[in-house]
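# need coordinates for the below:
(2 chains)
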Amino acid sequence: MKESLSRIIILTKRDFKEILRDPLSLIFTIGMPLLLEILFYFIFHGLTSQFEMRYLAPGIVVFAQSFISLFVGLLIAIDRSASFLTRLYVSKARSYEFIFSYALSMIPIIFVQSLLFFLAGGLIDPSIFSINMVFAMLISLVTSLLFIALGILLGSLCNEKAIGGISSIVIAGQSVLSGMWFPTEGLNEGMITFMNVLPFRNATQLVQNTMNGINDVYKDLLIPLSIVLAYAIASFVLAIVAFKRKMKSN
Amino acid sequence: MTTAIKIEGLTKRYKDVTAVEGLNLEISEGELFSLLGVNGAGKTTTIKMLSTLVKPTSGDATIFGYSVLRDEEKIKEIIDISMQETAIARKLTVEENIEFYGRLSGQDKAELNEVKKVIYEAFGFEKIAKKQASKLSGGWQRKLSIALALISKPKILFLDEPTLGLDVIARRELWKTINELKGKMTIILTTHYMEEAEALADRIGIMKDGRLLFVGTKEELFGKTGKTNVEDSFIEIVSGGESL
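From the prediction side, this is the model:
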């Protein structure tokens, strides 16, 4: 147990350094979403309610998390294609240790994303500063599990060349199906139902609802939380199975 | 001489493809044994079975008495592997790669410092220690990849196509390094560069379509085929005597 924990820490440090030293990962997970937050607020905030900072900041936090799927997936796909994981597998490290390390290495980035986008939002519109912002930051750590799990799953299944295209489905899904960039009132019921059974809109609404105060615990918190967690757990289980299979077949 | 590896009827089948069939072989401690074969001959699958990465379909192999079927953990403690791909952490420096792998192998700071010193000296890493691995030339990256396999001080080292894709200078430098390792550990080296086997190996095994067609020293190979170099002898053996 102690040895296993020690290996997880060693692997996590290495994964974190690999991500941190890739300038593209910092641009896409932090720089670009921050720019979008500022631009979209100043261009659109008077037009529709979703660009008010109390909705935009939590929306951007979850949107930025979708890029985590791409970068964790890319790291795993590169490690696999270069036989780096195979080498480590011979060194007694276990599949679950790798998966834990990939997930844990993303937590500091997710924390920085959340802190930065809420703080930037608060500096632009100080009315959003409240205790709810802290709760929203905490709940965003839960939504991040979904994107980490999807990234590990995709990284286990796809090779280095395919991962960029496949991960963009997650990013596009989060953009289009979260409803954060356009008003959903005009959409037909079928589309709304489709968005509601997928995790993307639920993840965004979970953080937005927490930020703006929970009125109906069941509708505003428990339902979206259950859906996001169900997808996250299912993705983690599939990721572990896929990762183990790939490790043996590689 | 102590037997390091004993292979008995080792077979691997993937659906309708037989990658390795009925392999029988003994390798002594300290020997550098080279497995030769064209692509798809079964060399890498053999190495993967011996290093417990792939389960055999039938047969067994023991590494210093430990079975690849039953003693995976014990075997992992005494082996290491350098795959044909350059398996390094690309965004870490050379020093960080060595430290990372050493810590993962369970070494404490004192042990690690000692290993680092030996590795730096053997591979000439002193001047590039602080360089990021991705910024090194292909030859240096491959050297680092092989060096990482030595950090755990394995009793058996598997080198799968260690010089694949390297230029002639980098290849010769790597030969020199591998030659210096001879006798210090048992080395199983796969290659399809005939001159590599000729320069490095104590004994040679020739594989084709998953079967081991020949095992012996260079001299025994030349005696069997009537040729004077490994390449001609190899062609003679794999073509079944029909000259190409």
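# chain B contacts on chain A?
Proximity of chain A to chain B, by CB under 8 Å from any CB of the partner chain, involves residues A:3, A:7, A:10-11, A:13-14, A:17-18, A:21-22, A:78, A:81-84, A:86-93, A:248, A:250. C-beta here means a position set from N, CA and C on the backbone, and glycine is covered the same way.
# let's see 10 Å
Counting by CB under 10 Å from any CB of the partner chain, chain A comes close to chain B at A:3, A:6-7, A:9-11, A:13-15, A:17-22, A:75, A:78-93, A:97, A:247-250.
# so what's the residue nearest the centre of chain B bridging to?
Nearest residue to the geometric centre of chain B (CA atoms, centre = their mean): residue B:159, 1.9 Å. Note on residue B:159: beta-bridge partners by DSSP bridges are residue B:82, residue B:189.
# list buried residues within the residues of chain A next to chain B.
A:7, A:10-11, A:13-15, A:17-19, A:22, A:75, A:78-80, A:82-93, A:97, A:247 (16 or more other CB atoms under 10 Å in any protein chain shown).
# packing partners of the helix or strand containing residue A:166?
With secondary structure defined by DSSP states H and E, residue A:166 is part of helix A:160-177. Applying 3 or more CB pairs under 10 Å, 6 or more residues apart in numbering or on different chains; DSSP states H and E, one finds that helix A:160-177 makes contact with helix A:53-81, helix A:131-157, helix A:189-197, helix A:199-212.
# in JSON lines: the ones you listed, plus mean pLDDT and distance to residue A:114.
Shown next, in JSON lines, are these (pLDDT from 0 to 100; distance: least, CB to CB, whole Å):
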{"stretch": "helix A:53-81", "mean pLDDT": "93", "distance to residue A:114": "5"}
{"stretch": "helix A:131-157", "mean pLDDT": "95", "distance to residue A:114": "5"}
{"stretch": "helix A:189-197", "mean pLDDT": "91", "distance to residue A:114": "23"}
{"stretch": "helix A:199-212", "mean pLDDT": "95", "distance to residue A:114": "9"}
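# nearest to residue B:90, of those?
When the helices and strands packed on helix A:160-177 are compared by CB to CB, helix A:53-81 sits nearest residue B:90, at 7.5 Å.
# any buried residues in the helix or strand containing residue B:4, and which?
If you go by DSSP H and E, residue B:4 is part of strand B:3-14. Residues of strand B:3-14 classed as buried by neighbour count (16+ other CB under 10 Å): B:4, B:5, B:6, B:7, B:10, B:11, B:12.
# residues touching the first one, list them.
What that stands for is residue B:4. The contact partners of residue B:4, by CB atoms under 10 Å, 6 or more residues apart in numbering or on different chains, come to B:26-31, B:33, B:62-65, B:78, B:155-156, B:185-188.
# so what's it scoring on pLDDT?
In this model, residue B:4 is scored at 94, pLDDT.
# output the helix holding residue A:166 as CSV, nothing but the C-alphas.
The C-alpha atoms that make up helix A:160-177 are tabulated as CSV, following Å, rounded to 0.1, in the frame of the first residue of the first chain:
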residue,chain,number,x,y,z
GLU,A,160,-1.5,9.9,-30.8
LYS,A,161,-2.8,11.0,-34.2
ALA,A,162,-6.5,10.3,-33.6
ILE,A,163,-6.7,11.8,-30.1
GLY,A,164,-6.9,15.4,-31.2
GLY,A,165,-9.9,14.8,-33.5
ILE,A,166,-11.7,12.5,-31.1
SER,A,167,-11.2,14.8,-28.1
SER,A,168,-12.6,17.7,-30.1
ILE,A,169,-16.0,15.8,-29.9
VAL,A,170,-15.9,16.4,-26.1
ILE,A,171,-14.9,20.0,-26.5
ALA,A,172,-17.6,20.6,-29.2
GLY,A,173,-20.1,18.7,-27.0
GLN,A,174,-19.4,20.9,-24.1
SER,A,175,-19.6,24.0,-26.3
VAL,A,176,-22.8,23.2,-28.2
LEU,A,177,-24.7,21.0,-25.9
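# counting contacts, what elements does whichever helix or strand residue A:228 is part of pack onto?
Per DSSP H and E: residue A:228 is located in helix A:223-249. Contact partners of helix A:223-249 among helices and strands, from 3+ CB pairs under 10 Å, 6+ apart: helix A:53-81, helix A:84-90, helix A:95-124, helix A:131-157, helix A:189-197, helix A:199-212.
# give me the distance from the longest one to the chain's centre.
The gap between where helix A:95-124 is centred and where its chain is centred comes out at 8 Å by CA atoms, centre = their mean, to the nearest Å.
# roughly how far does residue B:213 sit from chain A?
27 Å (CB to the nearest CB, to the nearest Å).
# follow-up on the earlier one: chain center to the helix holding residue A:228, what's the gap?
With CA atoms, centre = their mean, you get 14 Å for helix A:223-249.
# flag the shaky bits of chain B, pLDDT-wise.
B:241-244 (pLDDT under 70).
# which stretches in it count as helices?
Secondary structure of chain B (DSSP state H): helices located at B:43-50, B:72-78, B:94-104, B:109-123, B:138-150, B:168-181, B:194-200, B:218-225, B:230-238.
# can you list contacts of the second one?
Contact with helix B:72-78 is made by A:89-93, B:4, B:50-53, B:55, B:61-68, B:71, B:105-106, B:152-156, B:185-186, as judged by CB under 10 Å, 6+ apart.
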